[in-house]
Every structure is written in structure tokens, then in C-alpha cells.
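In: sequence? don't have it. structure:
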């Protein structure tokens, strides 16, 4: 179903990076998810069904998780 009031989906890119080392049963890595902190509005749709004269113009959208930086350390015994 096409709704002319819903904005078109923008082109988007997502860049995640990870670097790690493994040494004698120990693993360590540094990661950055969503490096560019991109947050395009995707999958936009109306809250509910609209009827003539309905003043409710709210929308729902999805986007990427915000930039996340972290360290992961694991050990195997």
C-alpha cells in the first residue's frame, strides 16, 4: 500500500569495526558499532489507520543503534 504522506526511505550505510588479538587462550578486542553515528529514518509508517478528518499525523520509524564503543576480553582455561 502506498502512502504519499510517508517520506521515502533514504539511502543508508552502516560501518562497524572490530580489531582483536588472541594469545595463549586470552582474546581481547576493541569494537565500534555505527562508526559514523548514522541515524536515517527507515521503515516509516503511520501510527494507525487514518480516516478522513483525522488530525493524528504521528509516525513510527526505525533507525540504527547509536555509536557504541566497547572492549571485550575473554579467557579460556
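Out: Right, received. Where do you want to start? Remember, predicted model here, so these are calculated numbers, not experimental data.

In: Do I have it right that residue 44 meets residue 60?
Out: Yes - under the criterion of Cβ atoms under 8 Å, residue 44 makes contact with residue 60 at 7.2 Å. Placement of C-beta: from N, CA and C, glycine included.

In: which one of these two has more residues nearby?
Out: residue 44 (15 against 10; other Cβ atoms under 10 Å).

In: Spatially, what comes nearest to the more buried one if we skip its sequence neighbours?
Out: residue 61 (4.5 Å; Cβ to Cβ, 6 or more residues apart in numbering).

In: tell me the pLDDT at that neighbour?
Out: If you check residue 61, the pLDDT there is 86.

In: does it count as helix, strand or coil?
Out: At residue 61 the chain is in strand, as set by DSSP: H, G, I helix; E, B strand; the rest coil.

In: Check residue 19 too.
Out: strand.

In: bridging residues for it?
Out: For residue 19, the beta-bridge partners are residue 30 (DSSP bridges).

In: Quick one: neighbours of it, just the number.
Out: 9.

In: Show the pLDDT at it.
Out: Looking at residue 19, the pLDDT reads 98.

In: Roughly how far does it sit from residue 30?
Out: Using Cβ to Cβ, to the nearest Å, residue 19 is found at 6 Å from residue 30.
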